[in-house]
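J.: Sequence and predicted structure are below.
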Amino acid sequence: MEQPVKHADVCELTPQLWTGAELHPSDPAVARLQLDEVVAAGVDAIIDCRYERDDADWVTAAIPHMDYLYIGVEDAGWRMQHDWFDAGTNYAIDQMKDGHVVLAHCQAGINRGPSMAFAIMLATGWDALEALSHIRAARPTARIRYAEDAVDWWFTKVEAPTDERKRQVNRVRQWRRDNGLASRSNVDAH
């Protein structure tokens, strides 16, 4: 039976997809408590998007049935590459097809982890704006900075016409403005 999560900074997006922040980086006892909570909630596959740390060794030693993908990247505001989204979504979809529950996380659960979760939602049939709104409702601190990159990746992957891909990216950009989230194009302009 799934238990509520009180100590781990994660949230459920769908029955098979969670997003959030890292396990406590400097207190092993708290990190283990958080990991046990996440496992009790049903998570048995992790996509670690952090550049700063990789917990694969200790997590899989502590929880042998936990599957773990480390695809750490910096949260520097640069464009996320399509192969990063491919790696995370391919892994997540394979895990979910086998009945597993996936946690896509980063350091603070603000940009990289939620952006990967967003890409997974796109790849599983969600409309971009519905997915973004759903993530923000579940995790109000999420900024999902790489959403435009995820939409560009997805509509390139499905071979949508260039005009449609651009339209979808602009929809996301406008949603970010409407929701008080600075468009990454502002960051890129500097």
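T.: Sure thing, it's come through.
J.: So C11, which state does it fall into?
T.: At C11, secondary structure determined by DSSP: H, G, I helix; E, B strand; the rest coil is strand.
J.: tell me the contacts of it?
T.: Contacts for C11 (Cβ atoms under 8 Å, 6 or more residues apart in numbering) come out as 5, 18-20, 138-139. (Glycine included, C-beta is placed from N, CA and C.)
J.: Quickly note the distance from it to V38.
T.: Separation of C11 from V38 (Cβ to Cβ, to the nearest Å): 11 Å.
J.: Find residues that contact each of those two.
T.: Contact criterion Cβ under 8 Å, 6+ apart; residues shared by C11 and V38: 5, 18.
J.: Name the helix or strand for L69, please.
T.: Assigned by DSSP states H and E, L69 falls within strand 67-73.
J.: Could you spell out the sheet neighbours of that strand, each with its direction?
T.: If you go by DSSP bridges, strand 67-73 pairs up with strand 45-50 (parallel).
J.: ok, then the element right after the partner strand?
T.: helix 56-62.
J.: Next, the buried residues of that following helix.
T.: Neighbour-count burial for helix 56-62, counted by 16 or more other Cβ atoms under 10 Å, picks out V59.
J.: just how off-centre is that helix within its chain?
T.: Helix 56-62 sits 20 Å away from the centroid of its parent chain (Cα atoms, centre = their mean, to the nearest Å).
J.: which other helices and strands contact that helix?
T.: Here helix 56-62 touches helix 28-40, strand 67-73, going by 3 or more Cβ pairs under 8 Å, 6 or more residues apart in numbering; DSSP states H and E.
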